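Visitor: Here you go, sequence then predicted model.
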Amino acid sequence: MSEGKFYKKIVCIGAGYVGGPTMTIIANKCPNYKVTIVDISKPRIDAWNSDDLPIFEPGLKERVEKSRGKNLFFSTDVDKEIAEADIIFVSVNTPTKTFGEGAGKAADLQFVELTARRIKENSRSDKIVIEKSTLPVRSAEALEAILHSGNNSVHFEILSNPEFMAEGTAISDMEYPDRVLIGSKDTETGRIARDELVKIYAHWVPKEKLITTNLWSSELSKLVSNAFLAQRISSINSISAICEATEADIGEVAFAVGKDTRIGEKFLQAGIGFGGSCFRKDILNLVYLCEYYQLNEVADFWKQVITINDYQVNRFVKRMLRAMFNTLVGKKIAVFGFAFKPDTGDTRDTPAIYLTRQLCEEKARLSITDPHALENAKKDLDGLKGIEYIEDPYSAAKDAHCIALMTAWDEYRSLDYQKIYDSMEKPAFLFDGRNHLDHQKLFDIGFNVFPIGKPPLLHH
């Protein structure tokens with residue numbers, strides 16, 4: 001399709017874990033739209049234009065190759081693409097503030113403001129601007145104030161369209177969403193802008209899954225969804241501690257509880273804790289919002305979700321220490337998996353970061369292996385000594401005193417654990433932080449096995 005025949009031109013500012021997959025699916029499903037992803041990072045854009053994409057996500061590469069060069073483009077010419085766009089998605093980073101008011105809780109919106117100012121400077125025609133980044137409630141007001149400031153005749157309509165993709169399943173989440181949420185102002189121009197975005201998603205999303213709300217409900221819904229999911233994880237992880245103390249089985253407890261249709265079985269798998277870019281950040285953002293409105297009891301409730309998550313990692317390390325004769329000094333520990341979940345290379349807020357740092361404080365030697373996250377692991381642990389990064393899990397486990405499984409990669413189930421056991425120091429320990437492996441089989445091989453929320457299997 002030639003340039004002039006595209007119905008609309010979409011630009012996404014930010015070529016990361018949200019912008020890349022989201023725009024790829026829109027380009028796949030809407031061939032009559034031109035979709036361009038822009039970023040100030042030339043290496044990142046070069047990677048998107050190569051065979052070695054900057055992020056790993058099952059199914060992503062095939063879909064990029066399907067549309068790239070036809071109606072999907074990647075560029076560093078941010079100003080030019082903004083000027084030509086009809087619809088702009090803002091998908092820039094919104095990390096937790098590390099300084100000043102709200103440090104440790106509030107979202108750092110400096111990149112959002114810089115993006116808004118850049119949109120304003122380069123716009124000569126009316127545009128729809130869509131919040132795709134996770135933003136605090138009422139951020140749309142700030143965006144609108146910046147975009148319409150000064151002597152500006154250009155009109156911008158702000159929409160909220162939070163993403164609900166889970167890394168590792170982002171492509172299927174976009175192609176078969178539970179819902180698509182679109183928030184707009186309840187004005188004539190707001191409703192017109194909303195309908196333009198609805199029209200895009202309607203190419204493949206059933207009408208009943210397209211939910212429209214006011215701006216503030218949409219912004220808050222994203223925070224609340226992630227907070228509820230994280231709360232379920234912390235809830236089951238807190239029960240795993242009780243199971244270990246009483247010799248109950250967390251798997252049996254979770255199965256029984258999940259059969260209650262009022263509760264359901266999802267997010268009841270006990271493990272070492274949640275990670276990723278959203279859960280901790282969004283809960284802290286919610287806490288800050290509650291404190292701002294002086295809802296201190298509500299803030300305290302959500303803080304406890306984070307507290308339990310941190311407790312679960314600390315408890316895991318203490319269990320390792322007690323089991324291995326109360327010292328880890330000089331002992332080699334093979335860390336199986338560093339990504340916060342399987343099928344992604346993302347290591348943001350992964351429990352493995354906190355585990356490895358604590359193990360380094362105990363003066364252990366670490367050998368880290370992961371199919372897709374080793375480069376990110378090196379960046380996350382830069383400066384720590386006594387760590388080697390090995391792609392091959394068999395080499396990582398050689399001469400190790402124990403294995404700590406941190407990510408539930410499918411390939412870890414099919415490893416030859418007899419071969420691994422034979423290469424390790426004895427007694428050999430295996431701590432399964434995801435309850436991912438066949439514990440009885442491992443015990444029969446000779447391992448001392450420590451699951452989450454279940455009695456250990458020990459050779460005396």
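Guide: Cool, the structure landed.
Visitor: residues in contact with the helix or strand bottoming out on mean pLDDT in the chain?
Guide: Ranked by mean pLDDT, DSSP states H and E, the helix or strand of the chain with the weakest confidence is helix 139-147, at a mean of 82. Contact with helix 139-147 is made by 90, 109, 112-113, 116-117, 119-120, 129, 131, 154, 156, 158, 160, 183, 215-216, 219, as judged by Cβ atoms under 8 Å, 6 or more residues apart in numbering. The C-beta positions use only the backbone N, C-alpha and C, and glycine is treated the same way.
Visitor: And for stretch 190-209?
Guide: For stretch 190-209, using Cβ under 8 Å, 6+ apart, the contacting residues are 8, 10, 26, 29-30, 33, 87, 128, 130, 157, 159, 161, 175, 177-180, 182, 184, 210, 212.
Visitor: if I pick the residue lying closest to G168 once chain neighbours are set aside, what's in contact with it?
Guide: Using Cβ to Cβ, 6 or more residues apart in numbering and skipping the chain neighbours, the partner closest in space to G168 is D343 (3.4 Å). Applying Cβ under 8 Å, 6+ apart, we find D343 in contact with 56-58, 167-169.
Visitor: What separation is there between D343 and I13?
Guide: 26 Å (Cβ to Cβ, to the nearest Å).
Visitor: same check, this time on R280
Guide: For R280, the distance to I13 - Cβ to Cβ - is 24 Å.
Visitor: ok, the two, which is more surrounded?
Guide: I13 (28 against 21; other Cβ atoms under 10 Å).
Visitor: one step back: in PDB, could you pull the C-alpha coordinates for the least confident helix or strand of the chain?
Guide: As requested, the backbone C-alpha atoms of helix 139-147 are provided in PDB (Å, rounded to 0.1, in the frame of the first residue of the first chain):
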ATOM      1  CA  SER A 139      -2.200  12.100  34.400                       C
ATOM      2  CA  ALA A 140      -4.300  13.000  31.400                       C
ATOM      3  CA  GLU A 141      -4.900  16.400  32.900                       C
ATOM      4  CA  ALA A 142      -1.200  17.100  33.100                       C
ATOM      5  CA  LEU A 143      -0.700  15.900  29.500                       C
ATOM      6  CA  GLU A 144      -3.600  18.100  28.300                       C
ATOM      7  CA  ALA A 145      -2.200  21.100  30.200                       C
ATOM      8  CA  ILE A 146       1.200  20.800  28.500                       C
ATOM      9  CA  LEU A 147      -0.100  20.100  25.100                       C
END
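Visitor: Contacts for the helix or strand that that helix is followed by next, please.
Guide: Downstream of helix 139-147, the next assigned helix or strand under DSSP states H and E is strand 156-160. Outside strand 156-160, the residues that touch it by Cβ under 8 Å, 6+ apart are 119-120, 123, 126-131, 135, 140, 143-144, 147-148, 181-185, 189-190, 192-194, 197, 215, 218-219.
Visitor: I'd like the average pLDDT over strand 156-160.
Guide: The average pLDDT within strand 156-160 is 94.
Visitor: Check stretch 70-86 too.
Guide: Average pLDDT, stretch 70-86: 97.
Visitor: Over to it now: how far is its first residue from its last?
Guide: End-to-end span of stretch 70-86 (Cα to Cα, to the nearest Å): 18 Å.
Visitor: residues of that stretch that come out buried?
Guide: Neighbour-count burial for stretch 70-86, with 16 or more other Cβ atoms under 10 Å as criterion, is recorded at 71-76, 78, 81-86.
Visitor: Stretch 229-248 now?
Guide: Buried, per 16+ other Cβ under 10 Å, within stretch 229-248: 229-234, 236-241, 243-244, 248.
Visitor: repeat for stretch 423-436
Guide: 424, 428-436.
Visitor: re the thing from before, going through the contacts of helix 139-147, which ones are buried?
Guide: 90, 109, 112, 116, 119-120, 129, 131, 156, 158, 160, 183, 215, 219.
Visitor: just the strands in the stretch 51-200 of the chain please.
Guide: Remark: strands assigned in the stretch 51-200 of the chain by DSSP state E, counting those that start in this stretch are 72-75, 87-90, 127-131, 156-160, 180-184.
Visitor: Keeping just the C-alphas, turn stretch 379-396 into PDB.
Guide: The C-alpha coordinates for stretch 379-396 follow below in PDB (Å, rounded to 0.1, in the frame of the first residue of the first chain):
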ATOM      1  CA  LYS A 379      23.700  -5.500  33.800                       C
ATOM      2  CA  ASP A 380      21.500  -6.100  36.900                       C
ATOM      3  CA  LEU A 381      24.400  -7.600  38.900                       C
ATOM      4  CA  ASP A 382      27.200  -5.300  37.600                       C
ATOM      5  CA  GLY A 383      29.800  -4.800  40.300                       C
ATOM      6  CA  LEU A 384      29.100  -8.000  42.200                       C
ATOM      7  CA  LYS A 385      32.000 -10.400  42.400                       C
ATOM      8  CA  GLY A 386      32.000 -14.200  42.500                       C
ATOM      9  CA  ILE A 387      29.400 -14.600  39.700                       C
ATOM     10  CA  GLU A 388      29.800 -16.400  36.400                       C
ATOM     11  CA  TYR A 389      27.200 -16.500  33.600                       C
ATOM     12  CA  ILE A 390      26.900 -19.800  31.700                       C
ATOM     13  CA  GLU A 391      24.400 -20.600  29.000                       C
ATOM     14  CA  ASP A 392      24.700 -24.400  29.400                       C
ATOM     15  CA  PRO A 393      22.900 -25.500  32.600                       C
ATOM     16  CA  TYR A 394      25.000 -28.700  32.800                       C
ATOM     17  CA  SER A 395      28.200 -26.600  32.900                       C
ATOM     18  CA  ALA A 396      26.500 -24.200  35.400                       C
END
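Visitor: average pLDDT across it?
Guide: Taken as a whole, stretch 379-396 has an average pLDDT of 96.
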